[in-house]
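# I'll drop the sequence and a predicted model, then ask my questions.
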Amino acid sequence: MYDRQVRRRRAVLLALVGCCLILLTAYFGESSGGPLKSIQTGAMEVVAPVQEGANRALKPFRDLFGWFGDTLDAKDERDKLEAERDKLRADVAQLQSAAAENDELRDMVDYARGSGLDAFQPVTAQVYSRSNSSWYSTIEINKGSSDGIEVNQPVINGKGLVGKIKRVSDGNAVVMLLSDADFGVSARAAVSGQPGSILPVAGSPGDLLFELVPEAKKVRSGDSIVTAGTISDELPSPFPEGILIGKVTRIDGEGELDRTIHVAPYADLRDLDFVRVLTEPTADLRASATP
Amino acid sequence: MTWNAASVGRLAAIGLVGGILQLTTVSQVAIFGVPADLSPLLAAAVGLLCGSIAGASFGFGLGLFMDTLLAQTLGLTSLVLLGAGYAAGRLRELRDPAHALVPVAVGAAATAAAAIGFAVLQFLLGVDAPVSFLLIRQILMTIVLNTLLALPVYLACRRVLAPFLPDDPRRRRRRAYTTGGLSPLSRA
């Protein structure tokens, strides 16, 4: 009797571990439209209304906990914002004159650009769930392919780049955040124009790395980093040019080769309620190609 | 544990409600910068209450559910959680610990094992991004938060599964005395 129980227990354990290993192997081996990924998408579609309902119903509890945290952080935040405000006042004066100069130059070269974000056909979506792992940074949104959303389209919020679409079904989509271990985007420093790549640091959602920068010494602490957009027609970027990504917070290392540039994303990736998906991310390229 | 459709249904309900609660609320509330993670606590609680087979099966199912909804690599969370559920179940079968704080210790250990196991699997599968030392801090903070949540989660699971669990000897003894019996033997 005891032997039978032991055999049964071991058989169940082996069967479950075997299932896991088979799933892992099959998942890695299949293409993006494979059966397991299709099943995942279908299941997401089925459970999405329940998740969305639960998200709305439980929002007051989240807000309550958030209120405690916000109150504790508010004092530090105020001090930082006051310092930033003083700096920004000085910057505004400089920028106003730069903006006037910029308008004049744009007129001179007759450089037609799209009218802000509207050219990229943004679709506003509500966030209803998020991953809980340090390795996968994803959120789910309540808009999908029926709203024109496709895989790899950029996702932004009021502060800057949030991520890109990882998986999409009819009525919802999974967004891979900037902090996901698999994320990467070509970028440039807004002031010096130095190109590079923004990569995440696994386990540290508030920290990104600006790497592969040819002349890293030209990048300064406090510089803004923006998306580089498409540099080569052969390799079009899914991200339009000039979307704010983050601010350089610190630069480690002295030499050119060991210099590590840390960037804090402008968008608060832990506090996302609404995001916008740019469903026409190449609109700027088409506009500039039009004679 | 009594195995029938009702008990399996309740286990499935715990997994479904726990999983959705985790994704929609718990993961969005960061305390000291990290959210708690109910999934290892649920797997450990079910293992501790129902035994190793139930713990492992529940952990596998819950992991599959989470991986499916989050479009993560299928089988990864399942493997980690089935280990946590199985280990908690074996602890109950081999030692049958009676101390009231056992669920707290088991919850903390399950969270630590799940977090470390997940990290090891990620390294084995070849993570592309550089890994920050802050990850260790995050893992430690999650263990602390989960330790605080372990007892309420265990009690909630025990309440839901109570009709299918063998009667706890301590509770039976208490009930016998309060109902006027001299000892459990005198009721026979």
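That came in fine, so what should we check first?

# can you give me the helices for chain A?
A:2-29, A:35-57, A:59-109, A:283-289 (DSSP state H).

# quick one: which of those is nearest chain B?
helix A:2-29 (3.3 Å; Cβ to the nearest Cβ). In short, each C-beta sits where N, CA and C put it, glycine included.

# shaky segments in the stretch 151-291 of chain A?
Scanning the stretch 151-291 of chain A for pLDDT under 70 picks out the ranges A:231-234, A:256, A:283-291.

# swap the cut-off to 50 and go again
A:287, A:289-291 (pLDDT under 50).

# What parts of it come near chain B?
Within the stretch 151-291 of chain A, the positions near chain B by Cβ under 8 Å from any Cβ of the partner chain are A:166-167, A:174, A:181-183, A:199-204, A:207, A:209, A:270.

# Now which of those would you call buried?
With burial judged by 16 or more other Cβ atoms under 10 Å in any protein chain shown, the buried subset of those is A:166-167, A:174, A:181, A:183, A:199-204, A:207, A:209, A:270.

# if you look at those residues, which of them are in strands?
Of those, the ones assigned to strands by DSSP state E are A:Lys166, A:Arg167, A:Val174, A:Leu199, A:Pro200, A:Leu209.

# how much space between the fourth one and A:Val185?
Here the criterion is Cβ to Cβ, to the nearest Å. By it, A:Leu199 lies 9 Å from A:Val185.

# re earlier: which one of the ones in strands among the buried ones among the residues of the stretch 151-291 of chain A next to chain B sits closest to A:Val92?
Of all these, A:Val92 sits closest to A:Leu209, with 29.9 Å by Cβ to Cβ.

# Would you check that the closest one makes contact with A:Ala187?
No: using Cβ atoms under 8 Å, A:Leu209 is not in contact with A:Ala187, being 10.7 Å away.

# Give the intersection of the neighbour lists for the two.
A:Ile198 (Cβ atoms under 8 Å, 6 or more residues apart in numbering or on different chains).

# what pLDDT does the nearest residue to B:Asn4 once chain neighbours are set aside get?
Using Cβ to Cβ, 6 or more residues apart in numbering or on different chains and skipping residues adjacent in sequence, the residue nearest B:Asn4 is B:Phe164, 7.7 Å away. If you check B:Phe164, the pLDDT there is 86.

# And the one 4 residues further on, by the same measure?
Per-residue confidence for B:Asp168 comes out at a pLDDT of 61.

# same check, this time on the one 4 residues further on
Per-residue confidence (pLDDT) for B:Arg172: 52.

# do the one 3 residues further on as well
B:Arg175 carries a pLDDT score of 53 in this model.

# Could you do the one 3 residues further on as well?
B:Thr178 is assigned a predicted lDDT (pLDDT) of 55.

# quick one, strands of chain B?
Going by DSSP E, chain B shows strands at B:30-31, B:34-35.

# Using a markdown table, lay out the ones you listed together with distance to chain A.
Listed next are the strands of chain B as a markdown table, based on distance: least, Cβ to the nearest Cβ, whole Å:
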| stretch | distance to chain A |
| --- | --- |
| strand B:30-31 | 5 |
| strand B:34-35 | 6 |
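
# Could you find the closest non-adjacent residue to the residue of chain B found nearest chain A?
Closest approach between chain B and chain A, counting by Cβ to the nearest Cβ: B:Leu135, at 2.6 Å. Nearest non-adjacent residue to B:Leu135, counting by Cβ to Cβ, 6+ apart: A:Gly203, 2.6 Å away.

# From the chain's centroid, how far away is the longest helix along chain B?
Scanning chain B for the longest helix, with DSSP H as the assignment, gives helix B:134-161. When C-alpha coordinates are averaged (Cα atoms, centre = their mean, to the nearest Å), helix B:134-161 and its chain have centres 8 Å apart.

# what packs against that helix?
Packing contacts for helix B:134-161, counted by 3 or more Cβ pairs under 8 Å, 6 or more residues apart in numbering or on different chains; DSSP states H and E, involve helix B:5-24, strand B:34-35, helix B:38-50, helix B:102-125.

# Quickly, which of those bottoms out on average pLDDT?
strand B:34-35 (a mean of 86).

# can you list the residues that contact that strand?
So strand B:34-35 is contacted by A:Asn132, B:Val26, B:Ser27, B:Gln28, B:Val29, B:Gln138, B:Met141, B:Thr142, B:Leu145 (Cβ under 8 Å, 6+ apart).

# re earlier: just say which of the helices and strands packed on helix B:134-161 is most tucked in.
Most buried of those by mean neighbour count (mean count of other Cβ atoms under 10 Å in any protein chain shown) is helix B:38-50; its value is a mean of 29.

# And that helix, what does it pack against?
Using 3+ Cβ pairs under 8 Å, 6+ apart, helix B:38-50 is in contact with helix B:5-24, helix B:52-69, helix B:76-95, helix B:102-125, helix B:134-161.

# quick check: domain ranges of chain A?
A:2-57, A:118-291 (automatic domain parsing).

# tell me the most buried of these?
domain A:118-291 (a mean of 19).

# Pick out the residue nearest the middle of chain A.
A:Gly163 (1.9 Å; Cα atoms, centre = their mean).

# Please name the nearest non-neighbouring residue to that one.
A:Leu177 (4.2 Å).

# which residues does that neighbour contact?
So A:Leu177 contacts A:Ser137, A:Thr138, A:Ile139, A:Val162, A:Gly163, A:Phe183, A:Pro205, A:Leu269 (Cβ under 8 Å, 6+ apart).

# how close does the nearest residue to B:Ala108 once chain neighbours are set aside get to B:Ile14?
For B:Ala108, ignoring the flanking residues on the chain, the nearest one in space by Cβ to Cβ, 6+ apart is B:Thr147 at 4.3 Å. Applying Cβ to Cβ, one obtains 20 Å for the distance of B:Thr147 from B:Ile14.

# Please apply the same query to B:Gly59.
12 Å.

# which neighbours do the two share?
With Cβ under 8 Å, 6+ apart as the test, B:Gly59 and B:Ile14 both reach B:Val46.

# pLDDT score for A:Glu101?
For A:Glu101, pLDDT reads 65.

# give the contact list for the closest residue to A:Asn142 other than its chain neighbours.
Excluding the flanking residues, the one nearest A:Asn142 by Cβ to Cβ, 6+ apart is A:Gln126, at 4.9 Å. By Cβ under 8 Å, 6+ apart, A:Gln126 lies in contact with A:Glu52, A:Ile141, A:Asn142, A:Asp273, A:Phe274.

# For A:Gln126, give the beta-bridge partners.
A:Phe274 (DSSP bridges).

# Which pLDDT does the model give it?
Taking A:Gln126 on its own, its pLDDT is 87.

# that older thread, wait, isn't the residue nearest to the centre of chain A in contact with A:Val175?
Yes: using Cβ under 8 Å as the test, A:Gly163 is close enough to A:Val175 to be in contact (4.9 Å).

# okay but B:Ala71 is in contact with A:Arg167, surely?
Yes: with contact taken as Cβ under 8 Å, B:Ala71 and A:Arg167 are classed as touching, separated by 4.5 Å.

# Please give me every residue in contact with residue 42.
With no chain named, the answer covers chain A. A:Ser169.

# right idea, wrong chain: chain B
Per Cβ under 8 Å, 6+ apart, neighbours of B:Leu42: B:Ile14, B:Gly15, B:Gly18, B:Phe58, B:Leu62, B:Val153, B:Cys157.
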